[in-house]
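Undergrad: Fold the following and give me the result.
(one chain, ligands or ions: 2)
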Amino acid sequence: MKSGFVNIIGKPNAGKSTLLNALLGEKLSIVSSKVQTTRHRIRAFLNSENYQIIFSDTPGVIEPKYKLHEKMMRAVTASLEDADVCLFVMDARDQVQEIEGLISVLKIKVPMIVVLNKMDLMGENIIAEKKQAITSLSGVKKVVAVSANKKMHIDQLVDSIVDLLPEGEPYYDKDELTDLPTKFFAAEIIREKIFDLYEEEIPYQSTVMVSKFEEKTTLIKITAEIVVHRESQKAIILGSGGVKIKELGMRSRLELEKFLDSKVFLELFVKVRNNWRNNEIYLNEYGY
Ligand SMILES: Nc1nc2c(ncn2[C@@H]2O[C@H](COP(=O)(O)OP(=O)(O)OP(=O)(O)O)[C@@H](O)[C@H]2O)c(=O)[nH]1
Ligand SMILES: [Mg+2]
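TA: Ligands and ions are numbered 1, 2, ... in the order given. Down below sits the predicted model:
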């Protein structure tokens, strides 16, 4: 039996969360075409007869500009220290030199697999060239080219991970998929829809908190609060005559029903909390 901790890191938008979902065969971590979607470390387990892999998806590596960013980067640094294997995910379109720089800044000490993601966007020759260039970088044990959203070469990647895992018994119950509460994922799903539906600063200056999660006999009743920086942003979230928030509610509810495999009644409220991203008390309250 092999078991161990595998942390997924890389630049924003490299496809880390898409990769986690592909590895699990289940959508757990939220994904968007915008950068800085993931804000928390998300732990999830992949079990088989002879291994248990505990994956951590993490926020993209960035230079912190406000307190929320600092907390996001703490999730990354923590994940560098407690892994058995590190999956460094890069977009196949990124320059090798840039990735080399980032790897050396991060001082990764555990065995590292570089995942050349989005291989579907590049020609085979370029992928082969990049693979070779990265293989020679110090600390790199293996390079695997994949497409996370087309689910190409995912099995190959799992095999490479298992090769590097230490022998050991499972850490978590085999029936569990994650150690985070369902309420957390409910809030994340709504946040994903905010990333899809709103532009500019709105996704970055808002967060979602589930204040009530009640399992009734025929449905789950969820009450969530969307928190923004300013009154003007509240108006944007609502949209004229409330059309935007209605759309947000509908998209969120459909995805929540899929995730929870139950009918959902969803109630959304919008709250203004001036500059919450820089306020320690609010950040704590919202789970950061
Ligand atoms: N073409 C292509 N697009 C991909 C692939 N994997 C992910 N994407 C897209 O890349 C974008 C970013 O994906 P995410 O999984 O949210 O990236 P991330 O690294 O988790 O981003 P942050 O959480 O912001 O750090 C989304 O639009 C994905 O659909 C891939 O293999 N091929
Ligand atoms: Mg992500």
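Undergrad: Run through the residues that contact residue 81.
TA: Applying CB atoms under 8 Å, 6 or more residues apart in numbering to residue 81 gives no contacts. From N, CA and C alone the C-beta is placed, and that goes for glycine too.
Undergrad: Tell me the pLDDT of it.
TA: We have a pLDDT of 81 for residue 81.
Undergrad: how near is it to residue 5?
TA: Applying CB to CB, to the nearest Å, the value for residue 81 to residue 5 is 10 Å.
Undergrad: again, but for residue 214
TA: 34 Å.
Undergrad: Looking at these two, which is more packed in?
TA: Just comparing residue 214 and residue 5: by other CB atoms under 10 Å the higher neighbour count belongs to residue 5, 19 against 10.
Undergrad: immediately after whichever strand or helix holds that one, which helix or strand?
TA: Following DSSP states H and E, the helix or strand that holds residue 5 is strand 2-10. Next in sequence after strand 2-10, counting helices and strands by DSSP H and E, comes helix 16-24.
Undergrad: does any bit of the helix or strand just after that following helix sit next to ligand 2?
TA: Using DSSP H and E, the next helix or strand after helix 16-24 towards the C-terminus is strand 42-47. No: Strand 42-47 is not in contact with ligand 2 by CB under 5 Å from the ion; minimum separation 8.4 Å.
Undergrad: where's the residue nearest to residue 26 when sequence neighbours are not counted relative to ligand 2, distance?
TA: By the measure of CB to CB, 6 or more residues apart in numbering, the closest residue to residue 26 outside its immediate chain neighbours is residue 177, 6.9 Å from it. Distance, residue 177 to ligand 2, by CB to the ion, to the nearest Å: 17 Å.
Undergrad: contacts for the strand holding residue 5?
TA: 16, 19-20, 50-58, 60-61, 76, 79-80, 82-90, 106, 115, 161-162, 165-171.
Undergrad: try it again with 6 Å
TA: Strand 2-10 is contacted by residues 16, 51-58, 79, 83-90, 161, 165-168, 170 when judged by CB atoms under 6 Å, 6 or more residues apart in numbering.
Undergrad: Also compute the angle for that strand relative to strand 42-47, please.
TA: Here strand 2-10 runs at an angle of 140 degrees relative to strand 42-47 (axes from the mean of the first three to the mean of the last three CA atoms, to 10 degrees).
Undergrad: tally of neighbours for residue 128?
TA: Residue 128 - counted by other CB under 10 Å - has 12 other residues nearby.
Undergrad: again, but for the one 10 residues further on
TA: For residue 138, the number of neighbouring residues by other CB under 10 Å comes to 8.
Undergrad: Now do the contacts for it.
TA: Per CB under 6 Å, 6+ apart, neighbours of residue 138: none.
Undergrad: And it, how far from residue 132?
TA: 15 Å.
Undergrad: what about the strands in the stretch 101-250 of the chain?
TA: Ranges of strands in the stretch 101-250 of the chain, per DSSP state E, counting those that start in this stretch, are 112-117, 140-145, 207-215, 219-228.
Undergrad: and the first one, is it in reach of ligand 1?
TA: Translated: strand 112-117. Yes: counting by CB under 6 Å from any ligand atom, ligand 1 has neighbours in strand 112-117: residue 117.
Undergrad: Any buried residues in that strand, and which?
TA: Of the residues in strand 112-117, 112, 113, 114, 115, 116, 117 count as buried by neighbour count, 16 or more other CB atoms under 10 Å.
Undergrad: Many thanks, I have nothing further to ask.
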